[in-house]
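Novice: got a sequence here, can you model it:
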Amino acid sequence: MKKIILAAAMMSLVVSSCNGKQKETEKATNKTENKMKTIHLTKSDFLTKVANYETTPNEWKYLGDKPAIVDFYASWCGPCKTIAPILEELAAEYGDQIYIYKVDTEEEQELAAAFGIRSIPTLLFIPMDGEPQMAQGAMPKASFKEAIEKVLLKK
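Specialist: Numbering: from 1, shown residues only. Just a heads-up that it's a prediction; the model follows:
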């Protein structure tokens with residue numbers, strides 16, 4: 001009987017210590033969540049925040065106040081799902097240095113067609129000065145960081 005009571009006491013001690021760690025993890029996660037996140041765009045958002053390609057179809061004029069990445073994706077796309085958490089991490093890491101936008105090509109077919117999106121994921125890297133650059137396919141986090149540093153932040 002003493003062994004059963006001792007085992008129950010040990011089990012409750014283990015469970016309570018795990019709960020404390022879980023709460024600490026939740027607090028750390030909440031701190032991360034307060035940082036920047038990716039921003040979902042509709043066509044009307046794109047026209048006001050990124051570029052109004054309807055009024056100036058032959059000229060690229062970026063409307064943002066800091067460099068940006070636009071991820072053209074679909075919810076059913078495997079490679080898109082692979083890079084989604086990477087983009088979230090980068091949005092948190094680079095915070096107020098860049099925007100990371102996401103455009104669902106299934107919901108925004110007209111916008112995707114305007115940019116000639118034929119495969120997904122397609123990423124549009126938009127520096128403050130100069131022309132945007134497109135990349136297709138999933139990339140590892142290191143490649144994203146290199147593109148952000150060289151193309152967007154020009155470090």
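Novice: CA only for contacts and neighbour counts going forward, please
Specialist: Fine.
Novice: show the contacting residues for residue 67.
Specialist: 97-99, 125-128, 152-153 (C-alpha atoms under 8 Å, 6 or more residues apart in numbering).
Novice: cool, and residue 127?
Specialist: Neighbouring residues of residue 127 by C-alpha under 8 Å, 6+ apart: 66-68, 151-153.
Novice: next one: residue 63
Specialist: If you count contacts by C-alpha under 8 Å, 6+ apart, then residue 63 has 48-52 around it.
Novice: one more: residue 124?
Specialist: Neighbouring residues of residue 124 by C-alpha under 8 Å, 6+ apart: 69-71, 132-135.
Novice: buried ones among those?
Specialist: Applying a neighbour-count criterion of 16 or more other C-alpha atoms under 10 Å, the buried members of the contacts of residue 124 are 69-71, 132.
Novice: what's the closest of the residues you listed to residue 104?
Specialist: Set against residue 104, the nearest of those by C-alpha to C-alpha is residue 71 (8.4 Å).
Novice: that closest one bridge partners, please.
Specialist: Listed by DSSP bridges, the beta-bridge partners for residue 71 are residue 102, residue 123.
Novice: before we move on, what about residue 39?
Specialist: residue 101.
Novice: count of residues packed around it?
Specialist: As a burial measure, residue 39 scores 15 neighbours (other C-alpha atoms under 10 Å).
Novice: now the helix or strand that contains residue 91: buried residues?
Specialist: Here residue 91, judged by DSSP states H and E, is contained in helix 78-94. When burial is assessed from 16+ other C-alpha under 10 Å, helix 78-94 yields the following buried residues: 80, 83-84, 86-92, 94.
Novice: what pLDDT does the residue nearest the centre of the chain get?
Specialist: The residue at the geometric middle of the chain, judged as the C-alpha nearest the mean C-alpha position with C-alpha atoms, centre = their mean, is residue 87 (3.0 Å). With respect to pLDDT, residue 87 has a value of 96.
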